[in-house]
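> Sequence and predicted model, in that order:
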Amino acid sequence: MRWGILGGTFDPIHLAHLRCAEEILENFRLDRIVFIPSATPPLKHGPGITPYEHREHMVRFAIEGNPAFAFSDVENRREGRSYTVDTIGYFRETFGRELEIFFIMGQDAFDDIQRWKSWRRLLTLCHFVIMTRPGWRKGSLRKALPPDVAARFSYDRKARAYHGPGGKDIFFTSVTPLDIESRDIRERVKTGCSIRYFVPEAVREYVERHNLYKR
């Protein structure tokens, strides 16, 4: 089994999330993409994050109809902060060696990975698929990681991947650039502007029905 893991606050989930997931599913020949809303993001603080139950419902509505997209509430079932290393550990323990995990993240988040809990161990637990920004150049690995860690990865031109310790790879991949951000969507709702075609229609209706983002 080859699964992609896509986490985030998804506040709200939007079409760029879905399009990126679809392209990675196809390009890496994955069997499934699992969407995992963060219950208590360790690097995001304050009362501004929408309650988990609303974000869960929006994700479920957004992925409905795509048999390759799945939902997991693993981070909501676990107490404390939502750490990726714990989530990846859960999937490894639950499904064992039969499951090959591809953790999907944006380049901005990868550049900040040294702030993540047990990030060195995380690099040995799963493959990483880094969605690059326009204008990406080789060298991003050394920019994100300390020299001693980056030196343990070797680039394979045929696989277009950096092979690392424990046989795990880091892939830098381009996806269709859709300039959509959850923050901008929330601001549009707050100011009374339409979010149609930024999010799936079911998500737009949910936001309107529950009066989200207006305060």
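Yep, that arrived.
> Please report the distance of the residue lying farthest from the centre of the chain from residue 183.
Relative to the centre of the chain, the most outlying C-alpha is that of residue 192, 28.4 Å out, by CA atoms, centre = their mean. Going from residue 192 to residue 183 by CB to CB, to the nearest Å gives 17 Å. The way it works is simple: take the backbone N, C-alpha and C, and place the C-beta from them, glycine included.
> Against which helices or strands is the helix or strand bottoming out on mean pLDDT in the chain packed?
Least confident helix or strand, the chain: helix 140-144 with a mean of 87, by mean pLDDT, DSSP states H and E. Packing partners of helix 140-144 (3 or more CB pairs under 8 Å, 6 or more residues apart in numbering; DSSP states H and E): helix 107-111, strand 169-173.
> Give the buried residues for the helix or strand following the last one.
Read that as strand 169-173. With elements assigned by DSSP states H and E, the helix or strand that comes after strand 169-173 is helix 182-190. Neighbour counts over helix 182-190 (16 or more other CB atoms under 10 Å) mark 182, 185, 186, 189 as buried.
> Kindly report the same for stretch 9-24.
9-14, 16-18, 20-22, 24.
> Among those residues, which one lies nearest to residue 109?
Within those, distances to residue 109 taken as CB to CB reach their minimum at residue 9, with 11.7 Å.
> How about the closest one, nearest residue that isn't a chain neighbour?
Of all residues not flanking residue 9 in the chain, residue 38 sits nearest, at 5.4 Å (CB to CB, 6 or more residues apart in numbering).
> Also residue 95?
Nearest residue to residue 95, sequence neighbours excluded (CB to CB, 6+ apart): residue 1, at 7.0 Å.
> Can you report how many residues lie near that neighbour?
Residues lying near residue 1 (other CB atoms under 10 Å) number 11.
> check contacts around it.
Residue 1 makes contact with 31, 32, 95, 98, 99, 100, according to CB atoms under 8 Å, 6 or more residues apart in numbering.
> What does the pLDDT read for the fifth one?
Here, the pLDDT recorded for residue 99 equals 97.
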